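what shape does this take:
(4 chains)
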4 protein chains.
Amino acid sequence: MSHNTFGHLFRVTTWGESHGPAIGCVVDGCPPLIPLTETDLQGWLEKRKPGQSKYTTQRREADEVRILSGVMVDGDGVQKTTGTPISLEIQNTDQRSKDYSEIKERFRPGHADYTYDAKYGIRDYRGGGRSSARETAARVAAGGVARKVIPGIRIRGALVQIGPHKIDRSRWDWAEIDNNPFFCPDRQAAGEWADYLDGIRKSGSSVGAVVEVIAEDVPVGLGAPIYGKLDADLAAAMMSINAVKGVEIGNGFEAASLTGEENADEMRIGQGKTPIFLSNNAGGVLGGISSGEPVVVRFAVKPTSSILTPRKSVTRTGEEVDVMTKGRHDPCVGIRAVPVGEAMMACVLADHFLRNRAQVG
Amino acid sequence: MSHNTFGHLFRVTTWGESHGPAIGCVVDGCPPLIPLTETDLQGWLEKRKPGQSKYTTQRREADEVRILSGVMVDGDGVQKTTGTPISLEIQNTDQRSKDYSEIKERFRPGHADYTYDAKYGIRDYRGGGRSSARETAARVAAGGVARKVIPGIRIRGALVQIGPHKIDRSRWDWAEIDNNPFFCPDRQAAGEWADYLDGIRKSGSSVGAVVEVIAEDVPVGLGAPIYGKLDADLAAAMMSINAVKGVEIGNGFEAASLTGEENADEMRIGQGKTPIFLSNNAGGVLGGISSGEPVVVRFAVKPTSSILTPRKSVTRTGEEVDVMTKGRHDPCVGIRAVPVGEAMMACVLADHFLRNRAQVG
Amino acid sequence: MSHNTFGHLFRVTTWGESHGPAIGCVVDGCPPLIPLTETDLQGWLEKRKPGQSKYTTQRREADEVRILSGVMVDGDGVQKTTGTPISLEIQNTDQRSKDYSEIKERFRPGHADYTYDAKYGIRDYRGGGRSSARETAARVAAGGVARKVIPGIRIRGALVQIGPHKIDRSRWDWAEIDNNPFFCPDRQAAGEWADYLDGIRKSGSSVGAVVEVIAEDVPVGLGAPIYGKLDADLAAAMMSINAVKGVEIGNGFEAASLTGEENADEMRIGQGKTPIFLSNNAGGVLGGISSGEPVVVRFAVKPTSSILTPRKSVTRTGEEVDVMTKGRHDPCVGIRAVPVGEAMMACVLADHFLRNRAQVG
Amino acid sequence: MSHNTFGHLFRVTTWGESHGPAIGCVVDGCPPLIPLTETDLQGWLEKRKPGQSKYTTQRREADEVRILSGVMVDGDGVQKTTGTPISLEIQNTDQRSKDYSEIKERFRPGHADYTYDAKYGIRDYRGGGRSSARETAARVAAGGVARKVIPGIRIRGALVQIGPHKIDRSRWDWAEIDNNPFFCPDRQAAGEWADYLDGIRKSGSSVGAVVEVIAEDVPVGLGAPIYGKLDADLAAAMMSINAVKGVEIGNGFEAASLTGEENADEMRIGQGKTPIFLSNNAGGVLGGISSGEPVVVRFAVKPTSSILTPRKSVTRTGEEVDVMTKGRHDPCVGIRAVPVGEAMMACVLADHFLRNRAQVG
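Numbering: from 1, shown residues only, chains lettered A, B, ... in the order given. Model prediction:
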């Protein structure tokens, strides 16, 4: 079962609610002897942290991660993993439960309120409880561990569309990612987006986005046939992120419009007698197994459901009401989904890397 | 681990290669006392069976499924499941291994040949071996069992795009599905597609497609939070089908372009004091849990990689060659992916239906 | 995979080392709406807590458990589970790492030192690290949650043998369990054991024991055929406890000596037309499924490996040495294994209770 | 979930009933490039096959295993595994369903009849259906594959007790195993057992037994901490065999009577600077991880429940009856449990061997 666990050999079990005392995860299956400190993880958490620009929620969280188990200082003075489970914990510090009292009995449209309530008969209404995007902080911490398991693989994400506005791929420059608050690789688009999103934010509205995550230097052979396909695991990983409604690999939905001649990536012999591909429509995955080309995943994030415009809804007791979500929210949750997508990519690849080492897919 | 097994409580383990003596699966976790005969399953296999029109591969398979375990005739004379594993077997009858001898050492572009070989150091080159779409016959048989587990839910699939040609959704008529060889719900589109695909077929080319699968009368509450989300499981299920490159739920990638006002489905109180939704942009899933609205999944199928036009490739021993795939193939594998998508939807819903019964997600 | 996770639907993932900042577990799969507070769990932890008599280690731990997620106060003012993962944490307070410095490079005979080191190339030598019996505190906390899932089932454990000294079963009195520091149901034996174990303790030696755990009012039908048998899961559960070397169900190894006439439990019709058994040699399990009779499990605990007598051993660098284990230890770890065995019984039964509810074994 | 699947990386899913058309299993997770033919497996099946002496059931089964997938003839002319699932099938040929008609409505004491019926509401009453020892033929076939995964490890089993009669361990001679119908390593005991069991058989009675399985040349480091301990997995494996009521590792229950001085295995440095143990009370497992010493497991098998003496029982409709089991049965099912125990040992070791290769336990 996998309600709150992700992965097979590299397993991440997350726990915690938006407004409880803490959130965290247990990373089980990390090999021993990997240098690992809290500093290694903190950097990734900073990327995802709320309140860093006016385009993300103004909730202020220190998001300091503590490692409670699974490491020790070795004889050489370096703290390393021991092969035992790594417990990671992040305190919740800025919770403001009062903000949520009035939606206790009301279902916010687009949120998981109604379905959680229908399923469980009880739900933590404070900030979305378990369904809050806050859970993704634990994913990012776990992703930091995963990256250490596959140090040769480079994983980077970018926002490639916000609302209807796409980047111009000919202007893609990874160096731009850190120069704007959108993880946007197109400097010009980033400038236009700033104005656009400012308008969205001021009007209390919200907007969707598309995230692209690319893993380079992935070895050939990661992925298990049929139901443990690398792309099937990536699809599940990305779709499990809050608000994601679509996932594609390589040229994805575009492939439907192509002919076999246009779509199949031709091969030649490269340097060192290694087979190479002349294109990467497949997004680095063939038959569920990595081809050595960059693994390319894109996912669509729906607009934040919390908006200031009143929407029709109902209460737990069956009354019709209008709901306007106050509180602090991201005008575009897609932005902070970038480091989360990177973390999920890292977890999936670490898992398959270990599976591959066992030579059983 | 899940190389060849799908599901958690309703578990399907498939086995078999394109050109071995048989293929099949073991369905474990089917509740007892469900009436089940081979006839119940055979109907679904007929839908997927090759050689039924000029638009699908001319391989001729009887595709007769046998139930080898897990059922017995009860005191009332009706054959029922006993709660023990159901072993399903389908003989391979039309294998023609000779067709494939010349690609034994060559990697067909777009196929899993290269990655399987790189991963395992050995591969069954006859008809794609394990990576053949033939494996999906076992899925369809398992899906037939799954449907019996959730008899109140109606699952139907349709082809909504072939190459660049989409249906007109205003003309959607489920009754048309059986009137054309494309599972197309738009009579006019089906007519146009026939001409279009005929050209593709005659030129030895191929084309992609988009499949949509809809489940109606799904109870509220199916799906487990976070990593066992209903939509995450559906994404993995569909992405695990051969040649699939993208999956979306509800309005999917379109959601990225919308505002929160446009996207969130408003609610009112319907008959019997039950909450209802005024739209279904979410595709029947909120926070990973079914909302009671129809569950709507779409997936993109890439064009068949086997085409008559020679493509650049390499051999196992590192020589550059041109590969032209002879043999019998579908000009559009997306067509036969329709019943496969339905089967995967049935398996996912049956799994979550049973999980829900345990009240643990 | 299950390195640090136990269970299928009711899943417990433990983490933490003897001398890290804390230990804990995540309980995933607990149904919603179950009243649960820290007080509910603390009582079971008190039973297992060290330092309560001269017969257990003098390590002093508060063993206070905190619930960090998965519960909330419902509308009726009662704190209940929400169906989300329950994170439990226990601080380590009395660690005295100094005690262990001299065995850093030496393998203690009978301990996991050598095998952990050979497997991982690194190990937390402080107090056994992950292989310390301290891990079982997390199991006991999880077992407290499990008991709430199956409130109708009564689970009690007892020490039935210490060293070569067995209880007299004709004197079995559950009320005695709390009257002696051994969980011994035989008042007379408890008195004799006190003298015996005092001698063992004073000589710096140690001794083994046998624990018996009985679950009453277990419903008929818990257990899954073949590889998920109730007794197979119990065997794994008990054997996974530190120092356990044998597990038996019902009359266990004694059954080998019996004839079919002597061993099979005959049946009659009891009150309410319910089938009853005239004996319980089977220990409440037939064909892997509970029969409605008490489920009876016994397990053998080897003597504590830490003793004051020097034993031959080797160092990490291949030198021959003598090792004498100082530090604080139990002269008979079997005593504190009683509440741990109860907890594992509770976890196994809760898991199968939920599986049964799904009607798939 | 694991109702009918055993193992994590090396996974065996068995299916089939005593009186259905066939039984079999799917072995998933077998690495590629391992030479494998039906002949390799058939030898192990011969060892378990019924009807080979008057001490086992007179049911006559060819027990011919077919490999339906997962292998192919490689370029060197040798048939090898391909890394895809291996489907194994054994036809049922001698079923005689008529023998069982009269126990259709009656629960045989000691059998799983009552519990299966109570759990599922339906059961295959013919020969025990799924709960028949016939299922173990599939385990033995799978075990044959497992042995190929760990060719360096030698696995042998023996019957060490039948009824109250134990072997004399000082006379243990592996060469004797094949010289008597009991897999008895003590020639003198085997002679005495023949007379004893003849009496049991003629009187229509039955008797229990103890089986010991030993694996030699097991590498150090197999086993995962805490819940995936090698001995916990072995305990589950052996307890999952029909009629097994107890499992012990090394000196097992005897360890309870010993002191720490007597029980702990001392260490010295052996040849090649390798640590060696001076005794093997631990049975080759320390802290759940293999120590390099032989892995020693014993399990108790209860007497066959099918006996000619009438026993008190009840019917499905609540009437009290006497049941006398006719049909063909083993007077001591423990005998044929020897190759089954070996097979389970092989499966557990193969699984942990692969897990170890992934370096995650």
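
could you list the low-pLDDT ranges of chain A?
A:1-2, A:58-59, A:95-101, A:327-328, A:360-361 (pLDDT under 70).

50 instead?
By pLDDT under 50, the low-scoring segments of chain A are A:1.

just the closest residue of it to chain D, please.
Residue nearest to chain D within chain A (C-beta to the nearest C-beta): A:A358, separated by 3.8 Å. Glycine gets a C-beta too; all of them are placed from N, C-alpha and C.

any idea how far that residue is from B:D351?
From A:A358 over to B:D351 the distance is 26 Å, taken as C-beta to C-beta, to the nearest Å.

now do A:Q188
Distance from A:Q188 to B:D351, by C-beta to C-beta: 47 Å.

stretch A:171-182 and chain B in contact?
No: if you take C-beta under 8 Å from any C-beta of the partner chain as the test, stretch A:171-182 misses chain B, and the best it gets is 13.7 Å.

circling back: now the residue of chain A closest to chain D, what are its backbone angles?
phi -80, psi -10 (degrees, to the nearest 10).

leaving out the residues flanking it, which one is nearest to it?
Spatial nearest neighbour of A:A358, chain neighbours left out: D:A358 (3.8 Å); criterion: C-beta to C-beta, 6 or more residues apart in numbering or on different chains.

got the contact list for the one you found?
Contacts for D:A358 (C-beta atoms under 8 Å, 6 or more residues apart in numbering or on different chains) come out as A:9, A:354-355, A:357-358, D:9.

try it again at 10 Å.
Going by C-beta atoms under 10 Å, 6 or more residues apart in numbering or on different chains, D:A358 touches A:8-10, A:29, A:31, A:353-360, C:1, D:9.

same check, this time on A:A158
Counting by C-beta under 10 Å, 6+ apart, A:A158 has contacts A:167, A:172, A:174, A:176-177, A:182-186, A:210-214, A:298, A:338, A:341-342.

try A:V218
A:150, A:152-155, A:230, A:284-285, A:290-295, A:345, A:349, A:352-353.

so A:R298 sits against A:R169, correct?
No: between A:R298 and A:R169 no contact is recorded; they are 11.9 Å apart, counting by C-beta atoms under 10 Å.

where do the contact lists of these two overlap?
A:160, A:212.

settle it for me: which of these two has more neighbours?
A:R298 (26 against 10; other C-beta atoms under 10 Å in any protein chain shown).

now do the SS call for the more buried one.
strand (DSSP: H, G, I helix; E, B strand; the rest coil).

and the gap between the closest residue to it other than its chain neighbours and B:T325?
Sequence neighbours aside, A:E212 is the residue nearest to A:R298 in space, at 4.7 Å (criterion: C-beta to C-beta, 6+ apart). Going from A:E212 to B:T325 by C-beta to C-beta gives 31 Å.

these two - which one has more neighbours?
Comparing A:E212 with B:T325 by other C-beta under 10 Å, the one with more neighbours is B:T325, at 25 against 22.

just say helix, strand or coil for that one.
coil.

any chance you could list what contacts stretch A:200-207?
Taking C-beta under 10 Å, 6+ apart as the rule, stretch A:200-207 contacts A:54-56, A:110, A:162-165, A:193, A:196-197, A:199, A:301-309, A:324-326, A:329-334, B:256-264.

and those, which are buried?
Neighbour-count burial (16 or more other C-beta atoms under 10 Å in any protein chain shown) applied to the contacts of stretch A:200-207 gives A:55-56, A:110, A:162-163, A:165, A:193, A:196-197, A:301-307, A:309, A:325, A:329-334, B:256-264.

mind checking which of those land in strands?
A:162, A:165, A:301 (DSSP state E).

buried stuff in the longest helix seen in chain A?
Longest helix in chain A by number of residues (criterion: DSSP state H): helix A:337-357. Neighbour counts over helix A:337-357 (16+ other C-beta under 10 Å) mark A:337-356 as buried.

related to what we said a few turns ago, now, the contacts of A:A158 that are in strands?
A:210-214, A:298.

before we move on, what SS does A:T136 have?
Applying three-state DSSP: A:T136 is helix.

excluding its backbone neighbours, what's nearest it?
A:T136 sits nearest to A:V340 (C-beta to C-beta, 6+ apart), 4.5 Å away.

which residues touch the one you found?
A:44, A:47-48, A:133, A:135-137, A:139-140, A:143, A:157, A:211, A:213, A:237-238, A:240-242, A:244, A:299, A:301, A:333.

how much space is there between it and chain C?
19 Å (C-beta to the nearest C-beta, to the nearest Å).

then A:S87?
4 Å.

next one: the helix or strand harbouring A:K245 to chain centre, how far?
In this structure, A:K245 is located in strand A:244-249 according to DSSP states H and E. Centroid separation for strand A:244-249 versus its chain: 12 Å, with C-alpha atoms, centre = their mean, to the nearest Å.

which strands and helices sit next to that strand?
With contacts defined as 3 or more C-beta pairs under 10 Å, 6 or more residues apart in numbering or on different chains; DSSP states H and E, strand A:244-249 has these neighbours: strand A:209-216, helix A:230-239, strand A:295-301, helix A:337-357, helix B:230-239, strand B:244-249, strand B:295-301.

may I see the buried residues of the second one?
The neighbour-count check on helix A:230-239 (16+ other C-beta under 10 Å) flags A:230-239 as buried.

ok, is that helix in contact with chain C or not?
No: shown here: helix A:230-239 not in contact with chain C (C-beta under 10 Å from any C-beta of the partner chain), separated by at least 14.8 Å.

does A:R123 touch C:G83 like I think?
Yes: with contact defined as C-beta under 10 Å, A:R123 and C:G83 form a contacting pair (8.6 Å).

joint contacts of the two?
Common neighbours of A:R123 and C:G83 (C-beta under 10 Å, 6+ apart) are A:116, A:130, C:32.

reformat these as TSV; add secondary structure.
Output for those, formatted as TSV (three-state DSSP):
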residue	secondary structure
A:Y116	helix
A:R130	helix
C:P32	coil
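
still on that earlier bit, quick check, nearest of the contacts of D:A358 to chain B?
Within the contacts of D:A358, proximity to chain B (C-beta to the nearest C-beta) peaks at A:H8, which comes in at 5.1 Å.

that closest one: what secondary structure?
coil.

and for chain A, the residue most distant from the center?
Ranking residues of chain A by C-alpha distance from their mean position (C-alpha atoms, centre = their mean) puts A:K273 at the top, at 36.6 Å.

identify the residue spatially nearest to that residue, adjacent ones excluded.
Closest residue in space to A:K273, ignoring its immediate chain neighbours: B:G318 at 4.6 Å, by C-beta to C-beta, 6+ apart.

one more: A:D173?
A:D173 sits nearest to A:P185 (C-beta to C-beta, 6+ apart), 5.7 Å away.

from what I see, the one you found and A:S170 are in contact.
No: the criterion here is C-beta under 10 Å, and A:P185 misses it with A:S170 at 11.2 Å.

which of these two has more residues huddled nearby?
Taking other C-beta under 10 Å, A:P185 and A:S170 do not tie; A:P185 has more neighbours (24 against 6).

dihedrals phi and psi, the more buried one?
According to degrees, to the nearest 10, A:P185 has phi -90, psi 0.

for chain B, see how far away it is.
The spacing between A:P185 and chain B, counted by C-beta to the nearest C-beta, is 17 Å.

what residues are up against that residue?
Counted by C-beta under 10 Å, 6+ apart, A:P185 has contacts A:156-160, A:167, A:169, A:171-177, A:179, A:212.
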